[in-house]
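Visitor: Sequence and predicted model, in that order:
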Amino acid sequence: MKTKYILTAAAFALSSVCFTGVAFAEAESDEPIIIVQNNWTSQLVLSNVVGQLLESQGYTVEYVPSDSQLQFSAITNGDMHFQIEVWEGSMKTAFENAVEDGMIDAGTHEAVTREEWWIPNYVLDVCPEAGNWEGLNACADIFKTAETAPMGRFVGPPADWGKNYAGRIEALQMDFIAINVGQAATLWAELQSAYDREEPIVLFNWTPNFIESKFEGIFVDFPEPEAACFEDPSWGPNPDAVDDCGAPSSAWLKKAMWSGVAEEWPGAAQIMTNIDFNNAQIARAALLVDVDGMEPEDAAALWIEENQELVTAWLN
Ligand code: TMO
């Protein structure tokens, strides 16, 4: 029943936007447009949104999985063509290096993002200053597990998300050990299990995400990063170390495009440039999968159906 409804919704969504681009699509390359996919939910849904919109205009689309750091060289040299979610907090350096090598910065989303250590609000009952890294560190003991004792456990992201929390912990001389999960689902399973029992937990999280609709909590503030944090040991709380800062608390989300797209598929390049997500739209995409249990393709079709006016504007 559910699937049928979704497919019908998708058919409606696509039929109503279909006619707008057929004329220009005919003059363009028949080669498939390769859309990069990463291993977190909003990216999987929104990459499908892009793909389904391009298909509605007559383009052929392929999805290829890639690593959030290594993807940029593939986009630079044309092996892959488009990435919908480039997060400043974890990908800025790899992205900017690729742009220097000729990859196209296809624009900044309206969304404001953050990727950082995060605690449920109930942690503040037992550690009122935990919203700041020094206050959190003073309570490291309550986060210890058999694996990390006497240090606290920080539940970190999969290694391919380009974060080096062990380095930050060392630079800030914190009493924590980063235990990285293998996949995003494990982050949420650890959170759910702690949350159900109101056990202290500090884990990697980001916004926009489905988390904010399901769990109450806050990001932990670290020193705001500046270029000097990574180059100049004297900068920041530790005068003898680089990396003694957090990720930006108010960060950009960008799109990345192969430089050849504008020539091969000019209409598609225009659509990719037009696409612009806000926080609520991205959180909704994640929620359809992580809370409602939909497959990313079906979630994308429903998302398009829910945002007809918006997508029509992008396509015209
Ligand atoms: C790139 N991510 C949103 C998972 O931090």
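Guide: Perfect, thanks for sending it.

Visitor: Not counting residues beside it along the chain, what's closest to Gly135?
Guide: Glu129 (2.5 Å; Cβ to Cβ, 6 or more residues apart in numbering). From N, CA and C alone the C-beta is placed, and that goes for glycine too.

Visitor: how near is that neighbour to the ligand?
Guide: Applying Cβ to the nearest ligand atom, to the nearest Å, the value for Glu129 to the ligand is 25 Å.

Visitor: cool, Pro233 as well?
Guide: Taken as Cβ to the nearest ligand atom, the span from Pro233 to the ligand is 27 Å.

Visitor: heads up, I number from 242, so please use that
Guide: That works, and once the first residue is 242, the last one we named lands at Pro474.

Visitor: I'd assumed that residue was in a strand, is it?
Guide: No: under DSSP: H, G, I helix; E, B strand; the rest coil, Pro474 sits outside any strand and is assigned coil.

Visitor: The closest residue to the ligand within the stretch 442-557 of the chain: neighbouring residues, count only.
Guide: Of all residues in the stretch 442-557 of the chain, Trp447 sits closest to the ligand, at 4.2 Å by Cβ to the nearest ligand atom. Counted with other Cβ atoms under 10 Å, the neighbours of Trp447 add up to 24.

Visitor: ditto for Asn557
Guide: 11.

Visitor: With Glu472 instead?
Guide: For Glu472, the neighbour count with other Cβ under 10 Å is 9.

Visitor: give the contact list for it.
Guide: Val483 (Cβ atoms under 8 Å, 6 or more residues apart in numbering).

Visitor: and the closest residue to Ser307 other than its chain neighbours, how many residues sit next to it?
Guide: Distances taken as Cβ to Cβ, 6+ apart put Val277 closest to Ser307, at 4.9 Å, once the chain neighbours are dropped. By the other Cβ under 10 Å criterion, the neighbourhood of Val277 contains 25 residues.

Visitor: His322 now?
Guide: His322 has 27 neighbouring residues, counting by other Cβ under 10 Å.

Visitor: Could you do Lys404 as well?
Guide: With other Cβ under 10 Å as criterion, Lys404 counts 20.

Visitor: for the one 4 residues further on, same thing?
Guide: Counted with other Cβ under 10 Å, residues neighbouring Gly408 total 14.

Visitor: now do Asn280
Guide: Counted with other Cβ under 10 Å, the neighbours of Asn280 add up to 17.

Visitor: show me what contacts it?
Guide: By Cβ under 8 Å, 6+ apart, Asn280 lies in contact with Pro306, Ser309, Pro399, Asp401, Gln424, Ala425.

Visitor: if you skip the residues just before and after it, what's nearest to Ala469?
Guide: Excluding the flanking residues, the one nearest Ala469 by Cβ to Cβ, 6+ apart is Trp476, at 4.0 Å.

Visitor: you'd agree the residue nearest to Gly376 is in a strand?
Guide: No: according to three-state DSSP, Glu370 belongs to no strand; its state is coil.

Visitor: Am I right that it is in contact with Leu377?
Guide: Yes: at 7.4 Å, Glu370 counts as touching Leu377 under the criterion of Cβ atoms under 8 Å.

Visitor: still on that earlier bit, in strands, which of the contacts of Asn280 fall?
Guide: Per DSSP state E, strands hold the following members of the contacts of Asn280: Pro306.
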